[in-house]
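K.L.:
got a sequence here, can you build the structure:
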Amino acid sequence: MSDFPVLRAVLAKDREPTKVPVKLLQCNEEQCQYEYRPDGNVEWANNYPCHLMELQWQTPPRTILLIKKPNSIDASQAFQQVANFLHGRNLTVMSEQAVLDEFPHLSFLVSIAGAGRQSDCAEDGEANGGVPWQATPDGGLEPSDEDEACGSNSIDAGPSGREERERAKEHRDRALRLADFCVCLGGDGTILWVSGMFKGPCPPVVSFAMGSLGFLTPFDYTEYKPVLDAVMQGRLKMGVRDRLECKVHNDLGQLECTHIVLNEVTVDRGSSPFLTNVCVSCNGRFVTRAQGDGLIIATPTGSTAYSLAAGGSMVHPDVPGILLTPICTQSLSFRPIIFPDSVTLKLEIPVEFPNTASVSFDGKDPITLKKGWSVTVSNSKWPIPILSRAGDDHDWFHGVMECLHWNTRKAQGGFDRAQSGKEEGKRLPARGLMSGE
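P.N.:
This is a model prediction of the structure:
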């Protein structure tokens, strides 16, 4: 049996996955308070004094989720180095199945899909180096005592179709709930991908900049060893970024799907050449009816993304608000607005409107909205905790100035007396078009 198993059974079915417990220290200018979280989850509560916290592990982290930017040579090279570093710290390293297929020589990697590599199972069903996992009494993972790695419990075995997909999703969700923290190698898009993986509690995320922008990636990859050591020792600040819970209902009021977004939910005309017509209500009260290319409902984190491109304001991530930004509206008086984060917004397609609309979540998973369909948006109780270098203030303003070059211009030159011509008692000639220049 191999020393480095592949995850076939994520956990014993009779035991729920557990993370290591954490303690959160939250401070503002007036007070500090501790909150002990035995389940290791960061849940948003209204009594939090601020969005910036200090994370303290009660026991050393055990399981790490490692995610990289796809189709990037630099990210692939970085992934191998970081994976070997974490494995050398005696940590269980989980990743996506596609990543495991890309690095077959990293046999210690664990798939969150609940199945081993195809090469780990011989055609006759015998084990070929893969070892299943089972839960330990303290909530961790250990090699199972089973003799075969590819038996009837494998996710690849059994009936195909919906049952197999549901089984794979269950394995994936149980594996993700084990991650004590997540390491991202990429840009802001990689953070959005991780946010989409966690529909509920999201573990703390430490991200290394390997993309084109980097609002949410404050760390340089060359510093990954001291940064990860600081994370495991609980010596970094953690900013809490709000997310939105979006529910799509059909014309009969039945729930079609639920999504959690970090940046924005967008209702637009999709591929249709016609304008959208959307009724907006807040806490059940009609607010307005928008006609144009669409509407964006964004978080403060998403205020520097699509919302900003559509004319919305930049909002500091500590501001508790929900942004409503129109896209190319036909009314010049329809300006962006910021609601408090305690409200529930509803975007509904009027029954009498002849055209459909489209809704997408962080730019993914588009759904067609038919007549009478609606999208309900509210603040999620599960934020995404992002470890920061020097606090959200420093990281956010650095991102605004360095990534967007906000209010960047060449400084106006001073008045040089030596060149003014006053010493000679004469006036310098005018400069510009009238002087022949």
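K.L.:
okay, now the unreliable bits of the stretch 201-350 of the chain?
P.N.:
Regions of the stretch 201-350 of the chain meeting the criterion pLDDT under 70 are absent.
K.L.:
no no, the stretch 1-150 of the chain
P.N.:
Short version for the stretch 1-150 of the chain, where the test is pLDDT under 70: 1-17, 23-40, 43-52, 114-150.
K.L.:
let's go with 90 and repeat that
P.N.:
1-60, 71, 112-150 (pLDDT under 90).
K.L.:
what helices or strands is the top strand by length along the chain leaning on?
P.N.:
In terms of residue count, the longest strand belonging to the chain (DSSP state E) is strand 285-298. The contact analysis (3 or more C-beta pairs under 8 Å, 6 or more residues apart in numbering; DSSP states H and E) places strand 285-298 against strand 264-268, strand 276-282, helix 306-309, strand 321-329, strand 344-348. Backbone N, C-alpha and C define where each C-beta goes, glycine included.
K.L.:
name the residues that touch that strand?
P.N.:
With C-beta atoms under 8 Å, 6 or more residues apart in numbering as the test, strand 285-298 has contacts from 244, 263-269, 275-281, 305-307, 310, 312, 322-331, 334, 345, 347, 350, 357, 377.
K.L.:
swap the cut-off to 7 Å and go again
P.N.:
244, 263-269, 275-281, 306-307, 310, 312, 322-330, 334, 345, 347, 377 (C-beta atoms under 7 Å, 6 or more residues apart in numbering).
K.L.:
contacting residues for H87?
P.N.:
V93, F108.
K.L.:
how close does it get to Q97?
P.N.:
18 Å (C-beta to C-beta, to the nearest Å).
K.L.:
same check on S303?
P.N.:
Counting by C-beta to C-beta, the separation of S303 from Q97 is 34 Å.
K.L.:
which of those two has more neighbours?
P.N.:
S303 (25 against 19; other C-beta atoms under 10 Å).
K.L.:
doesn't H316 make contact with the more buried one?
P.N.:
No: here S303 does not reach H316: they are 8.6 Å apart, not a contact under C-beta atoms under 7 Å.
K.L.:
including distance to F198 and mean neighbour count, could the helices and strands packed on strand 285-298 go into a markdown table?
P.N.:
Shown next, in a markdown table, are those (distance: least, C-beta to C-beta, whole Å; neighbours: other C-beta atoms under 10 Å):
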| stretch | distance to F198 | mean neighbour count |
| --- | --- | --- |
| strand 264-268 | 17 | 25 |
| strand 276-282 | 28 | 20 |
| helix 306-309 | 21 | 19 |
| strand 321-329 | 20 | 22 |
| strand 344-348 | 22 | 21 |
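K.L.:
now distance to Q254 too, for these, in CSV please.
P.N.:
Shown next, in CSV, are the helices and strands packed on strand 285-298 (distance: least, C-beta to C-beta, whole Å):
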stretch, distance to Q254
strand 264-268, 19
strand 276-282, 19
helix 306-309, 29
strand 321-329, 25
strand 344-348, 14
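K.L.:
mind checking which of these is nearest F361?
P.N.:
Shortest distance between F361 and the helices and strands packed on strand 285-298, using C-beta to C-beta, is found for strand 264-268: 5.4 Å.
K.L.:
partners of that closest one, with directions?
P.N.:
Counting by DSSP bridges, the strands paired with strand 264-268 are strand 285-298 (antiparallel), strand 357-361 (antiparallel).
K.L.:
which residues does stretch 395-415 contact?
P.N.:
Counting by C-beta under 7 Å, 6+ apart, L213, G214, F215, P218, T304, M314, H316, P317, S388, R389 sit against stretch 395-415.
K.L.:
which of those residues count as buried?
P.N.:
The neighbour count (16 or more other C-beta atoms under 10 Å) marks L213, G214, F215, P218, T304, P317, S388 as buried among those.
K.L.:
tell me the buried residues in stretch 177-192?
P.N.:
So for stretch 177-192, counting by 16+ other C-beta under 10 Å, buried means 177-192.
K.L.:
among those, name the ones in strands.
P.N.:
Reading strands off these with DSSP E, I get F181, C182, V183, C184, L185, G186.
K.L.:
and among the strands paired with strand 264-268, the most buried is which?
P.N.:
For the strands paired with strand 264-268, the largest average neighbour count (mean count of other C-beta atoms under 10 Å) is found in strand 357-361, namely a mean of 22.
K.L.:
residues in contact with that one: which ones?
P.N.:
246, 248, 259, 261, 265-270, 276, 278, 349, 366-369, 375.
K.L.:
ditto for stretch 176-186
P.N.:
Against stretch 176-186 from outside (C-beta under 7 Å, 6+ apart): 17, 19-20, 40, 61-69, 75, 78-79, 82, 94, 112, 190-191, 194, 197-198, 203-208, 210-211, 231.
K.L.:
from the residues you listed, which land in strands?
P.N.:
Filtering the contacts of stretch 176-186 for strands - DSSP E - leaves T63, I64, L65, L66, I67, K68, M94, V205, V206, S207, F208.
K.L.:
between those residues, which sits nearest V240?
P.N.:
Nearest to V240 among those, with distances taken as C-beta to C-beta, is V205, at 11.1 Å.
K.L.:
assess the claim that the closest one and V194 are in contact.
P.N.:
Yes: between V205 and V194 there is a contact under C-beta under 7 Å: 6.1 Å.
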